[in-house]
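>>> model this:
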Amino acid sequence: MESPELAPIDPNDQAFLDYLGKHLGVLAVEYVDLDANANPKGPRQILSYSGFFAVLDGQWYFVTAGHVFDRDDEKDGKRLVGLVQALRASAIGITSAMICDFFGPDAKLEGGPTIIDFPDVLKDTIYVNDEILGLDFAFMPLRDWYVTSVKGNGVEPLEIAKKYYKGKAQKYVVIGFPDEEKRPSNDPRNAQDGSVRLCFLRMDKCRLPRNLRKPKLPYFAAKLPDEGPNSAEGFSGSPVFAVDVDLKKNRTYYTLIGIDYSWFDDEKIVMGCLLKGVVAQVRKRLKKSKAKAKARNKTKGKRK
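Prediction:
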């Protein structure tokens, strides 16, 4: 994906962050816990996930991490499951869902977020969480009405092209919404009255140390500088950019190269899946889905 030109914006300053905010969004899911009889118990709560808008083969998507939907593991003694597992187990009931899309320079806050029909979007969402391969992403297709809504809030998608970034960039950054900058609602009657803040991390590309298992597919790994933030928790699903500055032309170029999906706290390392492997999987699954739909339609035709 070739990036637009920025002039004159230093990739270290707030203006750069604000400019790239037009590509960014937050998936916010309001839910309530369910008891053994599938009845609501307790107050409504909000889960929020970093992500971004992209266009692949003419289709708009909201992109986030695959483990948002599919995971079943433990962390700090606590079992963590994805939204799909929680719904299938009738552990939660989703009351509403939205994509917050007002982080760019042309955002119109009075319009509010884009409300989505979560079950409808979920049935066509392509999600993968494969630790062995090193793929962890979700592509949520956006129907025309959603596209009109987010564009009205100044959103511009990242175009995923056929060519991928090669070489070593001057800088690498990940931009998203870290957990430490999220503020939950103080109003028990309104779970949506919370806040998030867009942030970016400058990183130094690195190799994974021996104690961390390397995935089978090519991956992105980068270490946070010593003077950087303490944690990258919450950045999963955020875009990873290669950034190059042309001082003679006074231009900054940024290119989407991957999707952040993991954070190793002890090593201060961010890990992401590279765009080439992600796109190959998305296209493969779309092709398989279309083939199944065609077969179903053919079977229905014969029954008639």
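
>>> residues making contact with the helix or strand containing residue 129?
Following DSSP states H and E, one finds residue 129 within strand 126-130. In this structure, residues lying in contact with strand 126-130 by C-beta atoms under 8 Å, 6 or more residues apart in numbering are 65-71, 82, 84, 135-139, 281-282, 285-286. The C-beta positions use only the backbone N, C-alpha and C, and glycine is treated the same way.

>>> average pLDDT across it?
Across strand 126-130, the average pLDDT comes to 97.

>>> which helices and strands does the helix or strand following that strand pack with?
Using DSSP H and E, the helix or strand that directly follows strand 126-130 along the chain is strand 135-141. Using 3 or more C-beta pairs under 8 Å, 6 or more residues apart in numbering; DSSP states H and E, the elements in contact with strand 135-141 are strand 59-64, helix 118-122, strand 126-130, strand 251-264, strand 269-274, helix 275-303.

>>> Now tabulate these in a markdown table and tack on distance to residue 198.
Listed next are the helices and strands packed on strand 135-141 as a markdown table, based on distance: least, C-beta to C-beta, whole Å:
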| stretch | distance to residue 198 |
| --- | --- |
| strand 59-64 | 15 |
| helix 118-122 | 23 |
| strand 126-130 | 24 |
| strand 251-264 | 14 |
| strand 269-274 | 17 |
| helix 275-303 | 21 |
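
>>> Quick check: bridge partners of the residue nearest the centre of the chain?
Closest residue to the average C-alpha location of the chain: residue 64 at 2.2 Å, with C-alpha atoms, centre = their mean. On the basis of DSSP bridges, residue 64 is bridged to residue 138.

>>> Let me know the angle separating the strand holding residue 129 from strand 251-264.
Taking axes from the mean of the first three to the mean of the last three C-alpha atoms, to 10 degrees, strand 126-130 and strand 251-264 form an angle of 60 degrees between their directions.

>>> related to what we said a few turns ago, mind giving me the ChimeraX select for the contacts of strand 126-130, buried ones only?
In ChimeraX, a selection of the buried entries from the contacts of strand 126-130 looks like this (16 or more other C-beta atoms under 10 Å):
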select :65,66,67,68,69,70,71,82,84,135,136,137,138,139,281,282,286
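
>>> on that earlier part again, the residue nearest to the centre of the chain and residue 139: what is the separation?
9 Å (C-beta to C-beta, to the nearest Å).

>>> sorry, back to before: distance from the chain centre to the strand holding residue 129, please.
Averaging C-alpha positions (C-alpha atoms, centre = their mean, to the nearest Å) puts strand 126-130 12 Å from its chain's average.
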